[in-house]
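> Sharing a sequence plus its predicted fold:
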Amino acid sequence: MPPLDSLTENSDFSGFLSPGVSEELRKLALRKLFRSAIFNDRDGLDDYDEDFRNFAALGDHITSDMKHRMELDEQRKRRAQEAETEAAAEVESQPKPDRPAEEITPNEAQDDQVGEAGDANQENPERADNRSP
């Protein structure tokens with residue numbers, strides 16, 4: 001068998017495929033064969049042959065799809081802004097307490113809750129009867 005350095009694409013590699021050749025020598029010979037130009041000719045039919053990481057900029061051209069997506073984005077921003085405005089208006093329209101929440105003691109808050117429950121019981125006497133004392 002010829003030395004690996006002397007092999008070209010026209011060399012006979014069949015000797016390296018015989019059963020008496022070591023696995024390592026066979027791999028080296030096949031690697032040399034498959035790195036030759038006849039096995040590295042691209043036919044242009046491979047989908048991933050080209051480098052798609054770099055592409056030409058569109059410049060000032062804006063496609064109709066781009067315009068449509070820009071309009072959708074603007075609509076989403078407007079809806080979000082309107083929702084925020086409505087939420088802020090709703091918060092402002094709620095009645096404000098006479099005193100800030102920090103000034104109300106926990107006992108007063110509990111008294112308010114009990115008073116509200118008592119008011120509800122007076123409105124619906126059947127409900128008050130069903131409660132345990």
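Yep, it's here.

> Can you check what pLDDT the model gives Leu25?
We have a pLDDT of 91 for Leu25.

> ok, longest helix in this structure?
Counting residues, the longest helix found in the chain (DSSP state H) is helix 64-93.

> Centre of the chain to that one, how far?
Mean-position distance between helix 64-93 and its chain equals 22 Å (CA atoms, centre = their mean, to the nearest Å).

> ditto for stretch 59-73
How far stretch 59-73 lies from its chain's middle: 22 Å, per CA atoms, centre = their mean.

> tell me the mean pLDDT over that stretch?
In the prediction, stretch 59-73 has an average pLDDT of 86.

> now stretch 82-97
Across stretch 82-97, the average pLDDT comes to 83.

> State the distance from the residue nearest the centre of the chain to Asp65.
With distances taken as CA atoms, centre = their mean, Asp73 lies nearest the centre of the chain, 17.7 Å away. Separation of Asp73 from Asp65 (CB to CB, to the nearest Å) stands at 13 Å. From N, CA and C alone the C-beta is placed, and that goes for glycine too.
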